[in-house]
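> need a 3D model of the following:
(chains A and B)
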Amino acid sequence: MEELKKIFKEIGYTEEEMNEIINEHGIKELKLETLLENVKRNYSFFLSIGYSKEDIIKMTKTLPQIYGLSIDNIKQKIEDIEKLGYSKEEVIKMTKSLPQIYGLSIYTIKQKIEDIEKLGYSKEDVIKMTKNSPTIYGLSIDNIKQKIEDMEKLGYSKEDVIKMTKTLPKIYSYSIDNIKQKIEDMEKLGYRKEDVIKMTKTLPAMYNYSIDNIKQKIEDMEKLGYSQEEVIKMTKTLPAIYCLSIDNMKQKIEDMEKLGYNREEVIKMTKTLPQIYSYSIDNIKQKIEFYDSIGLHSLAIIDAKQLMQSTNLSYARYMYYKDIGINIDETNYRKLFIGQKKFKQQYGITKEELLAKYDYQEYMRKKNTQDLGKEVVDVLENTEYLGDTEETICAHEKNEKSVREDETRQSSENQSK
Amino acid sequence: MEEILKEIGISENTISQMEELCPNIKELSKEEIEKKIEKLKEMKCDDIQVRNIISSNAIYLDRSVTDVDKLINTMKDLGFDNLNILLDGNPYILNLDDFEIKNYITKREEKGELLEDIVDDMSANPFLFEEI
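Predicted coordinates for the structure are as follows:
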C-alpha cells in the first residue's frame, strides 16, 4: 500500500484522489500488487502515446477504471475507433475530453453513430461532430431527440437543428433554458425573436457568445460611426460581424479608404452591404477597380448591393453595351444588373455566349501583361543608372564597331599595297 | 492549412480574418481544403473566383462535402446556371443547405411566382439569398 501511495503521489494525485480511485468499482476488486503494476504500466503507456501527466490524472479521476484496462485492450480500443474514421491523434484528443470513451464497447459506439445517422446526419457528419464535441458520445439518443424537439418549439425546424448542430454540436450540451435566455437577451438588445432564430441558423456560434461580448461589439461599432439600430440591422443580415475583431473591422475601413472613399462613404456602404466586412480585400479591390475603370467609382456608395454581382458578368455586359453603342454611366448603370431573362429577351444573347465573348479573365491577363510592359518601359526611362548602362552599352557597341571598321579598312589597304 | 490558402493567392492578413470568422478551419487538413477547391473548379470557377469565394467565406471550407454536393445539385435542378458567377457574387450561398433554398422558392411559388422567374430574380440579385 505504501508503494502504491508513493507512486500516486509521484504522478501528482492527492491522497484523497488516490482513495477515490482505489475505491472505485472495477478497481477496488484488484489486488494491490496488480493495481500497482497497472498504474505504472498504463501511466507509462499513456505518456508514450501522447497524453500529458495532467491529461492522465484528469482522465483517471473521471474514469478510474482506466487503470483496470490492459495495454492490449487500450490499443485495441484506439484501433477500433480509428477504423470508424478518426485519426489516432483525434482519438487521443477526444478521450482527453471524454475519457468515458475508453469505457464504451466498440459496439456501443457504432450503435450511437447509427442512431445519430437516423436523425438525419451522414456518418461523415457524426464523425466530424464527435471530433469537435466528444460529449455527444455521452448523451443518450433520447436526450438528443428531446433537444431537437425543444429547439423545434423555439421556432427551428428539425432540418434547421440538424444543420446547426453540424456546425456547433455543442448545442446538444446546452440546456434549453440557457438557449431561451440567450434569445431573450438578444430581444432586449432590439432583435425580434424571428431575427435571433434566423441569425443563429446562419451562425449557430452565436450561442457561444456571451451577451456581454455582444454588447461590447455593439459599443465598439458605435465608436466606428454606427448607431445601435444600424448595428442591429447590419448583424441581422450578417451575424458573422460578431465574429470579427474590431481591429479587423478598422483595417477593412482603412483598406476601403485606400481605394478612394472617405470614412463616411465607407460607413454608408457597409450599412447597405455589411458583407463588405467579410469579403476579402482582394475581392473588393477587384470589384472597385473594375467600376473605377468604367467611371462608376460612386456605385459602391449609391448602390453598394450591386457590388455583389460577379465582376465577370458586369464586365461582359459593359463590353456588350459598348459594342452596340450604349455607353454605361451613372444614369443608366442599372442596365448592368438586370435579370438574365430580360437581358436575353432584349438583346438575344445568352449569359454563356456573353461570358464567352467577353472574357474578363482574358482581359485581365492582357491588361496585366500590358501594364507589366508599360512598367518596364517606365523603369527603363526613369531609372538613371539603367539609362547610363544603356548608354554605356551603346558606346561600347559603337566603339567595337568602329574598331572592326578600322581593322577592315586597314586590312583592305594592306591587301591593295 | 495556411500553405495551401497562400498558394491560391490569399494573403496572411486575410487568412487571420478567415480564422476569426471560422476558427474550425485551423483544424482542417490540406486534403480537405483541396477537395473544396476542386468542387469550385468543377463549377468552372477560375483561379480568381476560387480565391474570392474562399477568402470571403471561410465557413465553406468547414462544410461537409456531402452537403455542398446536395446544395449544388439542387440548385442545378432548380435551374440555376453559371454557378461560378453566382457564387463569385455571393459566396455565402455555399453555407446554405438544399432544403433552405427549396423552402424559400416554395414560399415564393405559393405567392404565385413562377420557378423560372424566381431563379432569374435570385441570379440577378445575389443578395436575395440573404433573405433565406
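> now the closest residue to chain B within chain A, nearest residue through space, not along the chain?
Per Cβ to the nearest Cβ, A:Ser280 is where chain A lies closest to chain B, at 3.4 Å. Every residue, glycine included, has its C-beta placed from N, CA and C. Nearest residue to A:Ser280 in three dimensions, chain neighbours excluded: B:Ser55, at 3.4 Å (Cβ to Cβ, 6 or more residues apart in numbering or on different chains).
> that neighbour: which element?
Under the criterion of DSSP states H and E, B:Ser55 resides in helix B:47-56.
> so is the helix or strand that comes right after that helix next to chain A?
Downstream of helix B:47-56, the first helix or strand assigned by DSSP H and E is helix B:65-78. Yes. With Cβ under 8 Å from any Cβ of the partner chain as the measure, helix B:65-78 is seen reaching chain A through B:65-67.
> contacting residues around whichever helix or strand comes after helix B:65-78?
Next helix or strand after helix B:65-78 toward the C-terminus (DSSP H and E): helix B:83-89. Residues outside helix B:83-89 that contact it (Cβ atoms under 8 Å, 6 or more residues apart in numbering or on different chains): A:308-313, A:351, A:355, B:40, B:43-46, B:49, B:52-53, B:72, B:75-76, B:80, B:93-94, B:123, B:126.
> picking that back up, for B:Ile59, see how far away the residue of chain A closest to chain B is.
14 Å (Cβ to Cβ, to the nearest Å).
> looking at these two, which one has more neighbours?
A:Ser280 (27 against 22; other Cβ atoms under 10 Å in any protein chain shown).
> tell me which element the closest residue to A:Ile141 other than its chain neighbours falls in.
Using Cβ to Cβ, 6+ apart and skipping the chain neighbours, the partner closest in space to A:Ile141 is A:Asp115 (4.4 Å). Per DSSP H and E: A:Asp115 is located in helix A:106-118.
> between helix B:65-78 and the helix or strand following that helix, find me the angle.
Using DSSP H and E, the helix or strand that follows helix A:106-118 towards the C-terminus is helix A:123-132. Helix A:123-132 runs at 140 degrees relative to helix B:65-78, counting by axes from the mean of the first three to the mean of the last three Cα atoms, to 10 degrees.
> got the contact list for A:Lys53?
A:11-12, A:47.
> repeat the analysis, applying 6 Å as the threshold.
A:Lys53 makes contact with A:Gly12 under the criterion Cβ atoms under 6 Å, 6 or more residues apart in numbering or on different chains.
> try the one 4 residues further on
When contacts are counted by Cβ under 6 Å, 6+ apart, A:Ile57 is found next to A:Gly12.
> ok, 10 Å please
The contact partners of A:Ile57, taken as Cβ atoms under 10 Å, 6 or more residues apart in numbering or on different chains, are A:8, A:11-14, A:17, A:21, A:43, A:51.
> ok, A:Ala240 next?
Contacts of A:Ala240 (Cβ under 10 Å, 6+ apart): A:199, A:202-203, A:205-206, A:274-275, A:277-278, B:20-22, B:57-59, B:92, B:95.
> try 7 Å
A:203, A:278, B:21 (Cβ atoms under 7 Å, 6 or more residues apart in numbering or on different chains).
> same question, A:Thr135
A:97-98, A:173.
> can you list those in JSON lines and add distance to chain B?
Output for the contacts of A:Thr135, formatted as JSON lines (distance: Cβ to the nearest Cβ, whole Å):
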{"residue": "A:Ser97", "distance to chain B": "14"}
{"residue": "A:Leu98", "distance to chain B": "17"}
{"residue": "A:Ser173", "distance to chain B": "17"}
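> who wins for neighbours among those residues?
Counting neighbours by other Cβ under 10 Å, A:Leu98 leads the contacts of A:Thr135 with 20 neighbours.
> surely that residue and A:Ile136 touch.
No. Using Cβ atoms under 7 Å, A:Leu98 is not in contact with A:Ile136; the gap is 8.8 Å.
> helices and strands of chain B: which one bottoms out on pLDDT?
In chain B, the helix or strand scored least confidently by mean pLDDT, DSSP states H and E is helix B:12-21, which has a mean of 86.
> ok, back up a step: filter the contacts of A:Ile57 by proximity to chain B?
Among those, no residue sits close to chain B (Cβ under 7 Å from any Cβ of the partner chain).
> so which of those belong to helices?
Of the positions in these, A:8, A:11, A:17, A:21, A:43 sit in helices, assigned by DSSP state H.
> what is the neighbour count of the residue nearest to the second one when sequence neighbours are not counted?
Spatial nearest neighbour of A:Ile11, excluding adjacent residues (Cβ to Cβ, 6+ apart): A:Tyr43 at 6.1 Å. Using other Cβ under 10 Å, the number of residues around A:Tyr43 comes to 21.
> surely A:Tyr43 touches A:Asp55?
No. Between A:Tyr43 and A:Asp55 there is no contact under Cβ under 7 Å: 10.9 Å.
> who touches the helix holding B:Ser55?
A:278-280, A:282-283, A:286, A:361, B:8-10, B:14, B:18, B:37, B:40-41, B:45, B:60-61, B:84, B:87-88, B:91.
> for PyMOL, write a command that selects the buried ones of those residues.
Written as a PyMOL command, the selection of buried residues from these, which uses 16 or more other Cβ atoms under 10 Å in any protein chain shown, is:
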select buried, (chain A and resi 278+279+280+282+283+286) or (chain B and resi 9+10+14+18+37+40+45+60+61+84+87+88+91)
